[in-house]
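A.B. asks: Quick one, fold the following:
(2 chains)
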There are 2 protein chains.
Amino acid sequence: MLSIFIIGNGRMATHLIQAFQETDVEIAGFYARNSNHAERISAEYKTSFYSDLSSIPKDCDVYFLAVSDSAISELSEQLKVQGLVVHCSGMAPIHSIKNQTHSGVFWPIQSFNINRTLEYAKIPICIEANSEENLRILEALADRISKKVMLITEAQRQYLHLSAVFVNNFTNHLFILAQDILHAQGLTFDLLLPLIQETIERVKEVDPRLVQTGPASRNDATTLVQHEKLLEEQVQLLNVYKMLSKSILEYTQKG
Amino acid sequence: MLSIFIIGNGRMATHLIQAFQETDVEIAGFYARNSNHAERISAEYKTSFYSDLSSIPKDCDVYFLAVSDSAISELSEQLKVQGLVVHCSGMAPIHSIKNQTHSGVFWPIQSFNINRTLEYAKIPICIEANSEENLRILEALADRISKKVMLITEAQRQYLHLSAVFVNNFTNHLFILAQDILHAQGLTFDLLLPLIQETIERVKEVDPRLVQTGPASRNDATTLVQHEKLLEEQVQLLNVYKMLSKSILEYTQKG
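C.D. replies: Numbers count the residues shown, from 1 in each chain, chains lettered A, B, ... in the order given. Below is the predicted model of the structure:
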């Protein structure tokens, strides 16, 4: 049976605990400095919590650094273990893990919120390791929670992370802007949910290029000008509108 | 029993025919200039097709101008009927309908594609009319296909249309950009679908402001610079990345 230990108590750490609890993998515990929040997680998932890094179990197969990119190097330097140490970042290079014989990357392509239940089986997991043997260990672990495990290069992972910003962070920002437009008119965001749902359903089946619609894609100058006029007093919204319309127009023209 | 007639044979017209076919409303037929495409629709939906505007039935309760914004005035000028004439545009003012005693607007908040089956009951329909009586007729019609019928002003409709561009057209464009980033790395767009799905599921339950994540929202300059470096040879993508990151940063700071 594989055993794991998790360093961190944020969103990534919590979801790793949740995901592996549904498998035969043994979760030996997790490390965190903040004890209040950690005690809650420890109680909720019946998992041991360590606040002293030097006292954590030393014989686990894999240690997950489920921490911010900037904390990976420092924490791994302090980690005196024999097992495989992996980080869970989309951007950090594998060599940001210091002083370890066995290192790797275990990055699920998902945006994690504390309070949401996710279907882990559907979340692709990207893995990378410093040896063929370590790669096999990570593959075995990832296979237990996801149906889509991928061996990819550092560059591929970083570009995937970047593309995730476009479809998640940027899309959510557009939702906020749309909400602002509606609130100013006394209307609510839920009016757009069926349209948003359809926007997604389509691209599950069809290349997004084939379903691009709207005034910019059909070069409808009348509507573009009308929309810009509606936003004339909201400079930031107007800038986003103009820039994305211009980008759509350019893409449509180059085909 | 209410009877309707549809002017147009594009996506909006086709979906109106589809939606009303499931109700007790009588579809007296539709008008189109392009006969090939219209004959196919006529056969598929067993609905009469007219290619001469002067020969269409004159005794219907409601006539839908399911045509482009720029065709509304010209077509309504040629329309010699007694019934209520409505257009289906998010942007056109009601007075773009010419020479009619009874006029209105019937605008479903959705992006229509020919080949997709939609759950009409969930699509909000915005209505507007030049009299209380005409409004009641439109309400009765809209109620038959949607559970969400709204009486809104022209300004509200136009801002709704604008916000729909943000969540549909712009979001889809971001999907295209993300796809380009992935294709250049030999990766496929389907890797992002679980993340995209989660992006949507969240805002069904939570205000998008509360789930904004990513390097810009946490002012993570290291990742922002790394991402920009990945895009340094793709000016258009880089511009979109910088501008939306800046917009997120500004929104996060003003709270």
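
A.B. asks: is chain B contacted by the longest helix along chain A?
C.D. replies: The residue-count maximum for a helix in chain A (DSSP state H) belongs to helix A:235-254. Yes: Helix A:235-254 lies within reach of chain B by CB under 8 Å from any CB of the partner chain, at A:236, A:239-241, A:243-244, A:247-248, A:250-251. No exception for glycine: its C-beta is placed from N, CA and C like everyone else's.

A.B. asks: and the host helix or strand of A:Ala43, which residues are buried?
C.D. replies: In the assignment (DSSP states H and E), A:Ala43 maps to helix A:35-45. Residues A:38, A:41-42 are the ones in helix A:35-45 that count as buried (16 or more other CB atoms under 10 Å in any protein chain shown).

A.B. asks: And those residues, which is closest to chain B?
C.D. replies: Of all the buried residues of helix A:35-45, chain B sits closest to A:Ile41, with 19.6 Å by CB to the nearest CB.

A.B. asks: Selection in ChimeraX covering whichever of the residues of helix A:235-254 next to chain B are buried, please.
C.D. replies: Buried residues within these, by 16+ other CB under 10 Å, are selected in ChimeraX with:
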select /A:240,241,243,244,247,248,251
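
A.B. asks: which residues sit in contact with the residue of the stretch 51-200 of chain A at minimum distance from chain B?
C.D. replies: Closest residue of the stretch 51-200 of chain A to chain B, CB to the nearest CB: A:Asn169 (3.1 Å). Contacts for A:Asn169 (CB atoms under 8 Å, 6 or more residues apart in numbering or on different chains) come out as A:111, B:212-217, B:248.

A.B. asks: Give me the neighbour count for the residue lying closest to A:Gln226 once chain neighbours are set aside.
C.D. replies: In space, and not counting its chain neighbours, A:Gln226 is closest to B:Met91: 5.8 Å by CB to CB, 6 or more residues apart in numbering or on different chains. A count of neighbours around B:Met91, defined by other CB atoms under 10 Å in any protein chain shown, yields 21.

A.B. asks: Would you check how far apart B:Met91 and A:Lys229 are?
C.D. replies: Distance, B:Met91 to A:Lys229, by CB to CB, to the nearest Å: 11 Å.

A.B. asks: Give me the next element, helix or strand, following the helix holding A:Ala43.
C.D. replies: strand A:49-50.

A.B. asks: And that next one, how far out from the chain middle?
C.D. replies: The chain centroid and the centroid of strand A:49-50 are separated by 25 Å under CA atoms, centre = their mean, to the nearest Å.

A.B. asks: A:Pro108: neighbouring residues, count only.
C.D. replies: The criterion is other CB under 10 Å. On that basis, A:Pro108 has 24 neighbouring residues.

A.B. asks: Roughly how far does A:Glu233 sit from chain B?
C.D. replies: The gap separating A:Glu233 from chain B is 12 Å, by CB to the nearest CB, to the nearest Å.

A.B. asks: looking at chain A, which residue ends up farthest from its center?
C.D. replies: In terms of distance from the mean C-alpha position of chain A, A:Thr222 ranks first, at 39.2 Å (CA atoms, centre = their mean).

A.B. asks: Quick check, that one in contact with B:Asp69.
C.D. replies: Yes: applying CB atoms under 8 Å as the test, A:Thr222 and B:Asp69 come out as touching, 6.9 Å apart.

A.B. asks: So which bits of the stretch 1-150 of chain A are right by chain B?
C.D. replies: Residues of the stretch 1-150 of chain A lying near chain B by CB under 8 Å from any CB: A:69-70, A:91, A:109-111, A:113, A:116, A:118-119, A:122-124, A:148, A:150.

A.B. asks: cutoff 10 Å now
C.D. replies: Taking CB under 10 Å from any CB of the partner chain as the measure of proximity, the stretch 1-150 of chain A contacts chain B at A:11, A:68-70, A:89-92, A:108-113, A:115-116, A:118-124, A:126, A:146, A:148, A:150.

A.B. asks: Can you turn the buried part of the residues you listed into a PyMOL selection?
C.D. replies: Restricted to buried positions by 16+ other CB under 10 Å, the PyMOL selection for the residues of the stretch 1-150 of chain A next to chain B reads:
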select buried, chain A and resi 11+68+69+89+90+91+92+108+109+110+111+112+113+118+120+123+124+126+146+148+150
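
A.B. asks: Quick check: which element contains A:Ile72?
C.D. replies: Element membership of A:Ile72, judged by DSSP H and E, is helix A:72-78.

A.B. asks: Buried residues, that helix. List them.
C.D. replies: Residues of helix A:72-78 classed as buried by neighbour count (16+ other CB under 10 Å): A:72-73, A:75-76.

A.B. asks: Quick check: mean pLDDT of stretch A:122-136?
C.D. replies: For stretch A:122-136, the mean per-residue pLDDT is 98.

A.B. asks: now the strands: where do they sit in the stretch 101-250 of chain A?
C.D. replies: All strands of the stretch 101-250 of chain A, identified by DSSP state E, counting those that start in this stretch, fall at A:103-108, A:125-129, A:149-151.

A.B. asks: Give me the common contacts of A:Thr222 and B:Asp69.
C.D. replies: Common neighbours of A:Thr222 and B:Asp69, using CB atoms under 10 Å, 6 or more residues apart in numbering or on different chains, are A:215, B:91-92.

A.B. asks: And the residue nearest to A:Gln226, its phi and psi?
C.D. replies: phi -110, psi -40 (degrees, to the nearest 10).

A.B. asks: can you pull the contacts of it?
C.D. replies: Shown in contact with B:Met91 (CB under 10 Å, 6+ apart): A:215, A:220, A:222-223, A:226-227, A:230, B:69, B:107, B:154, B:157-158, B:160-162.

A.B. asks: Equivalent analysis for A:Arg33, please.
C.D. replies: Going by CB under 10 Å, 6+ apart, A:Arg33 touches A:8-9, A:51-53.

A.B. asks: Same check on A:His87?
C.D. replies: Shown in contact with A:His87 (CB under 10 Å, 6+ apart): A:7, A:12, A:63-67, A:69, A:71-73, A:75-76, A:93-94, A:96-97, A:103-107, A:128.

A.B. asks: Just the buried residues of those.
C.D. replies: Buried residues within the contacts of A:His87, counting neighbours by 16+ other CB under 10 Å: A:7, A:12, A:63-67, A:69, A:71-73, A:75-76, A:94, A:96-97, A:103-107, A:128.

A.B. asks: which strands and helices sit next to the worst-scoring helix or strand of chain A on mean pLDDT?
C.D. replies: Least confident element among the helices and strands of chain A, by mean pLDDT, DSSP states H and E: helix A:35-45 (a mean of 89). For helix A:35-45, the elements it packs on are helix A:11-21, strand A:26-31, strand A:49-50, judged by 3 or more CB pairs under 10 Å, 6 or more residues apart in numbering or on different chains; DSSP states H and E.

A.B. asks: So what touches that helix?
C.D. replies: Under CB under 10 Å, 6+ apart, the answer for helix A:35-45 is A:6, A:8-10, A:13-14, A:17-18, A:20-21, A:27, A:29-32, A:47-51, A:114.

A.B. asks: Hey, what's the angle from that helix to strand A:26-31? Just curious.
C.D. replies: For helix A:35-45 against strand A:26-31, the angle by axes from the mean of the first three to the mean of the last three CA atoms, to 10 degrees is 160 degrees.
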